[in-house]
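**Q** Quick one, structure for this:
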Amino acid sequence: MTKLPADLNQQHLPQHIAVIMDGNGRWATQRGLPRIAGHRQGAKTLKELLRCCKHWGIKALTAYAFSTENWQRPVEEVDFLMLLFERLLRRELAQMHQEGVRISFIGDLSVLAKSLQREMERSMTETLNNQAIHFTVAVNYGSRNEITKVCRQVAQLVETGELSAEQVNENLIEKHLYTADTPEPDLLIRTSGEMRLSNFLLWQMAYTEMYFTDTLWPDFDTQAFHQALLSYQKRDRRFGQLKTSISA
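**A** Below you'll find the model as predicted:
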């Protein structure tokens, strides 16, 4: 479905969507398949969602691909995920570049395999000037870790005298976050019935609308996405303020 559905208002679409892609393992288990089959199918779902966002005029998509806590999963599953990231980047980069996708990675990438880091660096460099949609993938990401790192950087600037304590404000903190050049998400979608943030973009999602669905991630198709956007368009976004009523 390349055309925006008639019951969605182009003027009130979220400009930035964040997704927590839950349920790959459960999807595979329900079908008697190994968990890695769920991750493979989940990657296809993400690719389709990215394309749908681009067609419908949504300017940014951020996906929580691997958290700092995910290292506790079975070694063979972690190894497969890392290999999957690398393979997908090699296989899909040219196509994504051609379609105008700008790719970014956020998280502590320094602990990843050097070959994967090289592929990530190459994809970010090659697509830097693309403007159709900004696709951010969080890998080895944890929001508390991100905020702690920023606090440490700012504290060092104060310690060396480059900053005074009075100059520390929200804008300064935001400039040091991984997401410094990306607007905050308007909508978070989390699949498979889980209703928590799981240490994802805690600072950035202060006023983000949240949509939770029981659908498992590999089954989250265009129709399910359409339902999420319909729900979003019914929301009254106030950002902590009272709605002003206009009198004649």
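
**Q** Name the residues of the helix or strand of the chain with the lowest mean pLDDT that come out as buried.
**A** Within the chain, no helix or strand scores below helix 75-98, which has a mean of 93 by mean pLDDT, DSSP states H and E. By 16 or more other C-beta atoms under 10 Å, the buried positions in helix 75-98 come out as 77, 80-82, 84-86, 88-89, 92-93, 96. Where you see a C-beta, it was placed from the backbone N, CA and C, and this is true even at glycine.

**Q** just stretch 144-157 next, same as before
**A** Within stretch 144-157, the residues scored as buried using 16+ other C-beta under 10 Å are 146, 150, 154, 157.

**Q** next one: stretch 166-175
**A** Those would be Ile173, for stretch 166-175 by 16+ other C-beta under 10 Å.

**Q** and the most centrally placed residue in the chain, backbone torsions?
**A** Centroid-nearest residue in the chain, with C-alpha atoms, centre = their mean: Thr62, separated by 2.0 Å. Torsion angles at Thr62 (phi, psi; degrees, to the nearest 10) stand at phi -120, psi 130.

**Q** about what we covered before: show the secondary-structure elements that the least confident helix or strand of the chain is packed against.
**A** Judged by 3 or more C-beta pairs under 8 Å, 6 or more residues apart in numbering; DSSP states H and E, helix 75-98 is in contact with helix 35-56, strand 60-67, helix 114-127.

**Q** Now with 10 Å, please.
**A** helix 24-30, helix 35-56, strand 60-67, strand 101-106, helix 114-127, strand 133-141 (3 or more C-beta pairs under 10 Å, 6 or more residues apart in numbering; DSSP states H and E).
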